[in-house]
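*Asks:* Pasting the sequence and the predicted model now:
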Amino acid sequence: MVSDARPTPEDPLASRLGTSGTARATTPRTGRGLRLWRRLTSVPVLALALLATTIAAAGPIQGLDGMLDRHWLYHLAPQLLPFVQGVLDRIAGQAVCLPVLAAVAIVLAVRRRTWRPLLVALAAELAFLVGIGGLKLLIARPSPTLDDADLLAGGIQEFGEKGISFPSGHASEAVLIYGVVAYLIARYAHVAPRTLRLVRIGVVLLVLNSVVTSLLLGWHWASDLLGGVLAGALCLRLVILGDQRWGRRDDAGDADAPDAPQGAQE
């Protein structure tokens, strides 16, 4: 496998996920929409939004968290508990999303003959374990099952997973891992625009599934889920930026390298 000989677009996420692999005319409205999307999903904006959510979860919106914590499914449709817990909730877990990410990365790496998809997948998993996991350990917020919404009141040593509720790991994984799957398909696969739209819709549905099921089951405060979405989006953006910059550096290196002798090219 080689690094990646193909030119890297200026913004693969916007150009591939937002349009298609073929050249298409961009209307002024589309251009404004893409610029707005880039601003809203930029690292500073996502970081500030996550910080604001964390501060709000420390007190200002704990009343709202308490209002939304009703273990809804147990009261509304207890017969659905086995399906929601055993199927829907596990879709965003490591046992499901990680094999999906690995399978997509391996297939694209083999087809494109480059290590890049595998390295992007590895970076995503490290971002989740170190970035999201580190936040959960640092903030140490108890889950709703412990009837305590204060930050720094939990801890993994005392309460296990119930003591590290913020940000939600499942919500973070749904955004980060499945978002990277969509990015890899958009960046390294040759698929039709309609397929890319379906992939985007699928990621949105997976994120909504993770948020709704956790709220219905009463396993997370609402602010945990919002924080998880923002934390996952922040890590996703960082992983994508890393791959883009790496691609531009490789392209610059290829352009600056002297032409190989004729005999070496054969």
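*Replies:* The structure has been received and is ready for your questions.
*Asks:* mind listing what's buried in stretch 100-120?
*Replies:* Leu101, Val104, Ala105, Leu108, Ala109, Arg112, Thr114, Arg116, Pro117, Leu118, Leu119, Val120 (16 or more other C-beta atoms under 10 Å). In short, each C-beta sits where N, CA and C put it, glycine included.
*Asks:* Does the last one lie in a helix or a strand, and which?
*Replies:* Under the assignment given by DSSP states H and E, the secondary-structure element containing Val120 is helix 116-126.
*Asks:* follow-up on the earlier one: would you mind giving the buried residues of stretch 100-120 as JSON lines with pLDDT added?
*Replies:* Shown next, in JSON lines, are the buried residues of stretch 100-120 (pLDDT from 0 to 100):
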{"residue": "Leu101", "pLDDT": "97"}
{"residue": "Val104", "pLDDT": "97"}
{"residue": "Ala105", "pLDDT": "98"}
{"residue": "Leu108", "pLDDT": "97"}
{"residue": "Ala109", "pLDDT": "97"}
{"residue": "Arg112", "pLDDT": "93"}
{"residue": "Thr114", "pLDDT": "93"}
{"residue": "Arg116", "pLDDT": "95"}
{"residue": "Pro117", "pLDDT": "96"}
{"residue": "Leu118", "pLDDT": "97"}
{"residue": "Leu119", "pLDDT": "96"}
{"residue": "Val120", "pLDDT": "97"}
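*Asks:* hey, which helix is longest across this structure?
*Replies:* If you go by DSSP state H, the chain has its longest helix at helix 222-256.
*Asks:* Report the rounded mean pLDDT for it.
*Replies:* Confidence for helix 222-256, expressed as mean pLDDT, is 84.
*Asks:* go on, stretch 67-79?
*Replies:* The average pLDDT within stretch 67-79 is 92.
*Asks:* ok, back up a step: what packs against the longest helix of the chain?
*Replies:* Applying 3 or more C-beta pairs under 8 Å, 6 or more residues apart in numbering; DSSP states H and E, one finds that helix 222-256 contacts helix 12, helix 43-57, helix 62-68, helix 116-126, helix 169-188, helix 193-217.
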